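**Q** build me a structure from this.
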Amino acid sequence: MSEEKTKVAAIQMATSPNVSANLLEAERHISEAAESGAELVVLPENFAFMGERDRDMCTLCEDEGDGPLQNFISQMSRRYGVWLVGGTIPMRAVDGAKVKSAALVYDAQGEQAARYDKIHLFDVHLVEADERYVESNTIEPGEQAVVIDSPFGRLGVAICYDLRFPELFRKMLDMGAEVFVVPSAFTAITGKAHWETLVRARAIENLAFVVAAAQGGYHVNGRETHGHSMIVDPWGSVLAQVPRGTGFVGCELDREYQRTIRRTFPTIDHRRVKLD
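**A** Predicted structure coming up:
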């Protein structure tokens with residue numbers, strides 16, 4: 001494959017409280033994505049575990065550089081020769097009663113290339129379904145935007161609810177981001193209303209690719225997630241999408257096309273208001 005074109009994949013799951021079963025399913029999709037030619041694979045938020053209560057994730061909390069979930073991501077990236085964005089896993093927080101929700105990026109040799117801790121926490125009441133989510137009860141927010149070099153261009157990492165905060169994506173753009181990877185688990189209600197609009201908006205306004213991997217289905221805790229994992233190009237076109245259930249979508253990212261768009265439609269250069 002040309003250095004200007006990279007095949008990427010977004011994996012969709014309907015994660016349960018059974019960690020072993022979730023990891024087996026994740027590996028199956030990673031294997032299929034790699035076999036299809038994908039070089040960058042993105043898992044959804046909470047790919048390894050979704051318990052009956054949010055606090056249940058604390059039982060899986062890992063220290064930096066040591067733990068079965070980190071080992072799994074490392075092994076998968078090395079075994080299948082892909083760069084792997086490990087959805088999110090719970091990591092040790094400063095507050096011992098909470099965890100960090102961390103998206104870990106591993107290179108094709110199984111080495112950790114980056115860690116991003118979710119900054120924006122989903123504390124909302126969905127009146128229509130009388131659903132309440134208070135992530136801040138169990139998750140300690142991150143503080144730093146993360147953009148890294150990769151064979152596929154500069155990767156910016158965000159997680160789920162972060163999609164609603166364009167200033168974070170502008171910050172990553174100013175750090176050189178060309179591709180955004182976004183592990184997610186949008187609810188059925190918010191996903192139906194906003195998911196595609198938000199993913200496409202972040203692509204359009206930053207003239208960037210977005211690889212958004214989602215949870216999609218029914219979960220033991222009664223939650224229903226929207227799915228519709230998708231890959232969007234810098235013009236806002238949906239290149240690939242899977243509606244519900246488990247599986248993956250894959251397609252090529254054409255970096256020369258992105259450079260052409262940024263050169264001939266230079267909205268990024270036309271900005272007159274910049275953030276600190």
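
**Q** which parts of this protein are helices?
**A** Ranges of helices in the chain, per DSSP state H, are 19-35, 68-80, 166-174, 188-190, 196-206, 255-264.

**Q** would you confirm that residue 239 contacts residue 232?
**A** Yes - between residue 239 and residue 232 there is a contact at 6.6 Å, judged by C-beta atoms under 8 Å. Bear in mind the C-beta positions are built from the backbone N, C-alpha and C, glycine included.

**Q** please identify which of those two sits among more neighbours.
**A** Per other C-beta atoms under 10 Å, whichever of residue 239 and residue 232 has more neighbours is residue 232, with 24 against 18.

**Q** return the member of the helices of the chain having the minimum mean pLDDT.
**A** If those are sorted by mean pLDDT, helix 188-190 sits at the bottom with a mean of 93.

**Q** list the helices and strands that helix packs on?
**A** strand 224-226 (3 or more C-beta pairs under 8 Å, 6 or more residues apart in numbering; DSSP states H and E).

**Q** change it to 10 Å
**A** strand 123-126, strand 131-134, strand 216-218, strand 224-226 (3 or more C-beta pairs under 10 Å, 6 or more residues apart in numbering; DSSP states H and E).

**Q** which one of the ones you listed has the most crowded surroundings?
**A** Stretch with highest mean neighbour count among the helices and strands packed on helix 188-190: strand 224-226 (a mean of 23; mean count of other C-beta atoms under 10 Å).

**Q** summarise which helices and strands it is packed against.
**A** helix 188-190, strand 216-218.

**Q** looking at the ones you listed, which is nearest to residue 104?
**A** strand 216-218 (21.7 Å; C-beta to C-beta).

**Q** just checking, what packs against that closest one?
**A** helix 188-190, strand 224-226.

**Q** now the ones you listed in CSV, with distance to residue 22?
**A** Listed next are these as CSV, based on distance: least, C-beta to C-beta, whole Å:
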stretch, distance to residue 22
helix 188-190, 20
strand 224-226, 14
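
**Q** for the nearest residue to residue 126 once chain neighbours are set aside, grab the count of nearby residues.
**A** Excluding the flanking residues, the one nearest residue 126 by C-beta to C-beta, 6 or more residues apart in numbering is residue 189, at 5.4 Å. Neighbours of residue 189 under the rule other C-beta under 10 Å: 15.

**Q** next one: residue 196
**A** 17.

**Q** so it versus residue 232, what's the distance?
**A** Separation of residue 196 from residue 232 (C-beta to C-beta, to the nearest Å): 9 Å.

**Q** re the thing from before, which stretch among the helices and strands packed on helix 188-190 comes nearest residue 182?
**A** strand 224-226 (13.4 Å).
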